[in-house]
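In: A structural model of the following input is requested.
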Amino acid sequence: MSSRPGTRPSFGAILAGVVAIAALAAFAVWLVLNGENVVRSFFPPPPASTQAQEINSLYTIVFAIAAVIFFVVEALIIWSVVRYHRRPGDDELPPQTHGHNLAEVAWTVIPTVIVIFLFFVSWQTLNTVEATNPQPDLRVRAVAGQFQWTFDYLADDGETVLFSQTAPTGAEGGLFLPAGQTTHLYLTSPDVIHSFYVPEFLFKRDVVPGIVNEFDLTITADQAGQTYRGQCAELCGTGHRIMIFEVHALAPDQFQTWYDDKITAASATPTPAPSGAPGGPVITITAEEIKFLETQVSAPADTPFTIAFDNRDAGTPHDIDISDSSGTLVFDGEVFNGPELRNYSVPALPAGPYPFICSIHPTLMTGTLTVQ
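Out: Numbers count the residues shown, from 1 in each chain. Presented below is the predicted three-dimensional model:
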C-alpha cells in the first residue's frame, strides 16, 4: 500500500508568508528607528512652566492607569478567545456562570476607587495651577482682538500701563517674560471670545468679553533663551488663522535690561507732531479686515507728501512701512489701533517702486508705492 504524498503549500501561500515576514521586519526596523518619537507621541510637549509640570504629572498618572486597564482588558480578551474558542466536536455551549459575588464586587469597587483617586489628584492639581501670588514679579495684560494680540506691561496696581508690545511676533515682538519668576497674566477681549494657548504651557484659557481671566505663569529657570509659539485656540472669525504670538523666556538679568529699555523708551518725550494741514500731495491708504484696500498708489518724485492712513479695524494695530528696492526702510509709520485716521508725513523720495507693508501683518498687508 503506497503512502499518501504530502500536501505542498501553494505559491500564493508562500508569497503571502514572505510578504508578511517582510512587513513585520520593516515594521520592526521602523519601530527601532522611530521608537522614541512613537513613545513621545502619546504625551504632551515637555512642560515649560511649573504649572505645566503639575499638569504633566497628572497626565502621566491618568495615562498610566489607562494603559494598565487597556492591557488587562486586551489580555483577558485574548485569553478568552484562546481558552474558549470552538473546537471540533463542540456542539453545545460551555457551562454558564450566573452570578459571581467576587467578580461583581471587583468590577464595582476597582472602578470606584480609581475614580475617587483621580478626583483627588485632579482637584489637587487644579488648586495648584489656579493658585495666584498676591505679589507677582511681573504683571501683564494680554488683549486679544480681531485679529491681533497686544501685551500691556502693567504697574503693581494692575491698571497703569507702563508700555505695550503691539507686534505679536518677531525678535522684538511678542510676550517677553523672565524665566524663574512669577508673571500674573490678565486676559481681556474687546470683541468676541478668543483663547490664550501655548502648547508648552499645557493649558489654554478663554478670553471672554466683559470678563478678566487671570492666572499665574512661572516659566522654569532652565527654559531661559527659549521661544514658544502661541495662538488663539477659539475660532474667532475670518482672521483667526493669523492670531498667533510668541513668548520669549529670558534670564532675569536679560529681562530686566530689556524691561528697563522699554520703560526708558516709553518715558521719553515724543517728537511733536507737525502742526497745520498735511504737507504736499495727499495719498489715501485704508486698512480694513487685515488688508490694504489700496495696494497700488503713486506719489510725485522728489516731493514730500502725506499718507492719510485710515485704520478701520477696531482694536487692531496697523502701520505703514516703506522700503526701497534694496529692502532698506525709508519710512517707518507709527503703529496705532483702529478705528482712527492719521496723517503720515513722508519725506521726498527719488523716482522708483517702493514696496510698503504693515509691520504687524507683513504677509497679509502689502502694496507698492510708485514714485514718478
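In: what helices or strands is the helix or strand where residue 81 lies leaning on?
Out: Using DSSP states H and E, residue 81 maps to helix 50-84. Counting contacts by 3 or more Cβ pairs under 8 Å, 6 or more residues apart in numbering; DSSP states H and E, helix 50-84 packs against helix 101-130, strand 203-207, strand 213-218. Using the backbone N, CA and C atoms, a C-beta is placed for each residue, glycine as well.
In: what does the shortest one rub up against?
Out: Taking Cβ atoms under 8 Å, 6 or more residues apart in numbering as the criterion, the residues outside strand 203-207 that touch it are 51-52, 55, 129, 142, 144, 187-189, 193-197, 213, 215, 232-234.
In: May I have the strands that pair with that strand, each with its orientation?
Out: When pairing is defined by DSSP bridges, strand 203-207 lines up against strand 194-198 (antiparallel).
In: quick revisit: going through the contacts of strand 203-207, which ones are buried?
Out: 51-52, 55, 129, 142, 144, 187-189, 194-197, 213, 215, 232-234 (16 or more other Cβ atoms under 10 Å).
In: Low-confidence ranges, the stretch 251-372 of the chain, go.
Out: Counting by pLDDT under 70, the ranges of the stretch 251-372 of the chain that qualify are 269-279.
In: mind redoing it with 80?
Out: Where the stretch 251-372 of the chain drops to pLDDT under 80, the residues are 268-279, 314-315, 363.
In: wait, doesn't residue 287 sit right on residue 314?
Out: No. Between residue 287 and residue 314 there is no contact under Cβ atoms under 8 Å: 11.3 Å.
In: Show me whatever sits in contact with both of the two.
Out: Here residue 287 and residue 314 have residue 338 as joint contacts, going by Cβ under 8 Å, 6+ apart.
In: Of all residues in the protein, which one is nearest the centre?
Out: residue 230 (2.9 Å; Cα atoms, centre = their mean).
In: And it, how close does it get to residue 56?
Out: 18 Å (Cβ to Cβ, to the nearest Å).
In: Ok, residue 45 next?
Out: 9 Å.
In: Between the two, which is the more surrounded one?
Out: Using other Cβ atoms under 10 Å as the criterion, residue 45 and residue 56 rank with residue 56 on top: 17 against 14.
In: The closest residue to the more buried one other than its chain neighbours: neighbour count?
Out: Nearest residue to residue 56, sequence neighbours excluded (Cβ to Cβ, 6 or more residues apart in numbering): residue 47, at 4.5 Å. Residues near residue 47, counting by other Cβ under 10 Å, number 19.
In: now do residue 367
Out: 19.
In: One more: residue 204?
Out: Considering only other Cβ under 10 Å, residue 204 is surrounded by 16 other residues.
In: Now it. Nearest residue, chain neighbours left out?
Out: residue 197 (3.8 Å).
In: and the one you found, how far is that from residue 255?
Out: According to Cβ to Cβ, residue 197 stands 23 Å off from residue 255.
In: pretty sure residue 293 is touching residue 286, no?
Out: Yes. The pair residue 293 / residue 286 is scored as a contact, 4.3 Å apart, by Cβ under 8 Å.
In: where does the residue nearest to residue 204 land on pLDDT?
Out: Here the pLDDT value assigned to residue 197 is 95.
In: correct me, but it touches residue 229?
Out: No. If you go by Cβ under 8 Å, residue 197 and residue 229 don't touch, sitting 9.8 Å apart.
In: three-state assignment of residue 308?
Out: Secondary structure, DSSP: H, G, I helix; E, B strand; the rest coil: residue 308 is strand.
In: quick one: contacts for it?
Out: With Cβ under 8 Å, 6+ apart, residue 308 has these contacts: 278, 282-285, 341-343.
In: again, only using 7 Å
Out: The contact partners of residue 308, by Cβ atoms under 7 Å, 6 or more residues apart in numbering, come to 282-284, 341, 343.
In: Need the max-distance pair from the residues you listed.
Out: 283 and 341 (13.0 Å; Cβ to Cβ).
In: Which one's more surrounded, the two?
Out: Counting neighbours by other Cβ under 10 Å for residue 283 and for residue 341 shows that residue 283 has the greater number, 18 against 13.
In: Identify the residues contacting that one.
Out: Counted by Cβ under 7 Å, 6+ apart, residue 283 has contacts 297, 299, 305, 307-308.
In: got CSV for those residues, with distance to residue 93 too?
Out: Below are those laid out as CSV (distance: Cβ to Cβ, whole Å):
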residue, distance to residue 93
297, 86
299, 92
305, 94
307, 87
308, 88
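In: Check those and tell me the two furthest apart.
Out: Largest pairwise distance in those, by Cβ to Cβ, is 12.3 Å, between 299 and 308.
In: what's the burial count for the closest residue to residue 190 other than its chain neighbours?
Out: Excluding the flanking residues, the one nearest residue 190 by Cβ to Cβ, 6+ apart is residue 315, at 4.6 Å. Neighbour count of residue 315, defined by other Cβ under 10 Å: 17.
In: Perfect, that will be all.
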